[in-house]
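Chemist: What follows is a protein structure lacking sequence information:
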């Protein structure tokens with residue numbers, strides 16, 4: 001059977017010659033391994049640096065999913081800011097060229113850490129890497145969307161309410177069986193919305209493996225994978241990132257079952273406080289933080305369910321996508337545990 005992710009290099013070169021004539025030449029493409037969403041390729045052209053092509057996957061896709069156009073727009077807006085991104089070069093929205101829309105960006109050399117435990121490093125190195133991730137996310141949330149031309153990149157206000165509705169719809173569109181914890185979260189999240197109004201550029205999937213670090217220093221050279229970015233509540237972005245402290249290593253590459261102190265990795269409380277200190281904002285109340293974490297797990301479960309459904313439909317970007325069905329149920333269960341603990345704490349406070 002033909003590889004559904006193979007590129008038509010002749011068609012790509014014809015487009016490339018027109019869009020990027022200064023970089024013209026024979027093209028070689030090699031797909032990066034890993035990742036569940038938008039297929040990504042290293043592009044080699046003789047006599048030039050390497051480039052990266054990122055495209056939508058083949059097949060029928062959910063509305064607004066796999067938004068490479070948004071990735072291009074946000075990175076283009078941030079390319080001259082304090083937020084490190086791979087500089088975008090050109091966007092092609094014509095699906096007839098290689099089958100789906102795509103964009104091309106600079107290749108950024110460096111280190112990529114898939115394991116949040118950062119094996120092979122000493123305590124000081126791990127602490128420095130985590131401090132740098134913390135600094136980078138705070139820097140993103142410090143950007144004024146209007147100042148970089150992204151004032152209309154999303155709708156302001158009630159981010160949690162809109163996102164719960166959106167991911168509920170996405171989950172229903174890809175649902176394959178009933179997950180009881182998801183049903184409970186679908187009821188609990190709208191009823192407990194904290195009603196926050198802050199609106200900033202949010203990445204949507206900020207984590208260690210979506211960053212390229214300098215080859216020698218604990219410095220982020222590029223934040224990758226912006227397809228879920230929008231204007232929204234930065235606390236949701238932080239909770240998505242810090243969900244790693246609540247999930248185990250097995251299946252999720254998390255930190256919940258890791259001896260953080262022995263590895264030099266900051267605690268959840270320290271990391272949250274450091275972020276708030278960098279941004280000059282108060283630490284959120286426990287109930288607000290619990291809501292943000294419950295939302296993050298709900299959203300993650302909905303995304304994993306979508307990956308699983310694409311695997312069943314035969315157009316997922318990775319062979320491991322089929323594992324995400326069981327993980328969707330597990331992560332939803334964790335979300336309901338967080339929500340239940342918050343609910344029980346409120347009932348105890350009311351009755352005391």
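Modeler: Great, that's in hand. Remember, predicted model here, so these are calculated numbers, not experimental data. Numbering: from 1, shown residues only.
Chemist: Going by secondary structure, the spatially most central residue of the chain is in what exactly?
Modeler: The residue lying closest to the centre of the chain (CA atoms, centre = their mean) is residue 205, at 1.5 Å. Residue 205 belongs to no helix or strand when elements are defined using DSSP states H and E.
Chemist: One more: residue 222?
Modeler: Counting by DSSP H and E, residue 222 is part of strand 220-223.
Chemist: After that strand, which helix or strand is next?
Modeler: Heading C-terminal from strand 220-223 (DSSP H and E), you reach strand 230-232.
Chemist: hmm, who's touching that following strand?
Modeler: 70, 145, 150, 153-156, 159, 163, 199-202, 204 (CB atoms under 8 Å, 6 or more residues apart in numbering). For glycine as for every other residue, the C-beta is placed from the backbone atoms N, C-alpha and C.
Chemist: how does it look with 6 Å?
Modeler: Contacts to strand 230-232, defined as CB atoms under 6 Å, 6 or more residues apart in numbering, come from residues 145, 153, 154, 159, 199, 202.
Chemist: model confidence over whatever helix or strand comes next after that strand, on average?
Modeler: As assigned by DSSP H and E, the chain's next helix or strand after strand 230-232 is helix 234-242. In this model, helix 234-242 has a mean pLDDT of 98.
Chemist: which secondary structure elements does helix 234-242 contact?
Modeler: Where contact means 3 or more CB pairs under 6 Å, 6 or more residues apart in numbering; DSSP states H and E, helix 234-242 is packed against helix 286-313.
Chemist: which other helices and strands contact the helix it packs on?
Modeler: Counting by 3+ CB pairs under 6 Å, 6+ apart, helix 286-313 packs on helix 159-174, helix 234-242, helix 324-351.
Chemist: Now do the shortest one: distance to the chain's middle.
Modeler: Using CA atoms, centre = their mean, to the nearest Å, the mean C-alpha position of helix 234-242 is found 10 Å from that of the whole chain.
Chemist: Quick check: buried residues in it?
Modeler: Using 16 or more other CB atoms under 10 Å as the burial criterion, the residues of helix 234-242 that qualify are 234, 235, 236, 237, 238, 239, 240, 241, 242.
Chemist: And for the first one?
Modeler: By 16+ other CB under 10 Å, the buried positions in helix 159-174 come out as 159, 160, 163, 164, 167, 168, 170, 171, 174.
Chemist: Against residue 111, how distant is the closest residue to the residue nearest to the centre of the chain other than its chain neighbours?
Modeler: Distance criterion CB to CB, 6 or more residues apart in numbering; nearest residue to residue 205, sequence neighbours excluded, is residue 228 at 5.2 Å. Distance of residue 228 to residue 111, computed by CB to CB, to the nearest Å: 23 Å.
Chemist: So for those two, which residue has more residues nearby?
Modeler: residue 228 (22 against 14; other CB atoms under 10 Å).
Chemist: Could you report the separation of that one from residue 170?
Modeler: Residue 228 is 11 Å from residue 170, by CB to CB.
Chemist: Contacts only, for residue 207.
Modeler: Counted by CB under 6 Å, 6+ apart, residue 207 has contacts residue 241.
Chemist: Report pLDDT for it.
Modeler: 94.
Chemist: Kindly report the same for residue 313.
Modeler: Looking at residue 313, the pLDDT reads 80.
Chemist: That one: how many residues sit nearby?
Modeler: Counted with other CB under 10 Å, residue 313 comes out at 11.
Chemist: how close does it sit to residue 102?
Modeler: The gap separating residue 313 from residue 102 is 21 Å, by CB to CB.
Chemist: try residue 19
Modeler: 11 Å.
Chemist: With neighbour numbers in mind, choose between these two.
Modeler: Neighbours per residue (other CB under 10 Å) separate residue 19 from residue 102, with residue 102 holding more: 27 against 15.
Chemist: Residue 92 is in contact with that one, correct?
Modeler: Yes: here residue 102 reaches residue 92: they are 5.4 Å apart, a contact under CB atoms under 6 Å.
Chemist: Overlap in contacts, these two.
Modeler: The contact lists of residue 102 and residue 92 share no entry, where a contact means CB under 6 Å, 6+ apart.
Chemist: still on that earlier bit, now the two most distant members of the buried residues of helix 159-174.
Modeler: Distance extremes for the buried residues of helix 159-174: the farthest pair is 159 and 174 at 22.1 Å, using CB to CB.
Chemist: which outside residues touch stretch 288-295?
Modeler: So stretch 288-295 is contacted by 192, 194, 235, 236, 239, 335, 338, 339, 342 (CB under 6 Å, 6+ apart).
Chemist: Out of those residues, flag the one nearest to residue 27.
Modeler: Minimum separation from residue 27 among these (CB to CB) is found for residue 236, which lies at 39.0 Å.
Chemist: Can you classify the closest residue to residue 28 other than its chain neighbours by secondary structure?
Modeler: What sits nearest to residue 28 in space, not counting adjacent residues and going by CB to CB, 6+ apart, is residue 44, at 4.2 Å. Under DSSP: H, G, I helix; E, B strand; the rest coil, residue 44 falls in the strand class.
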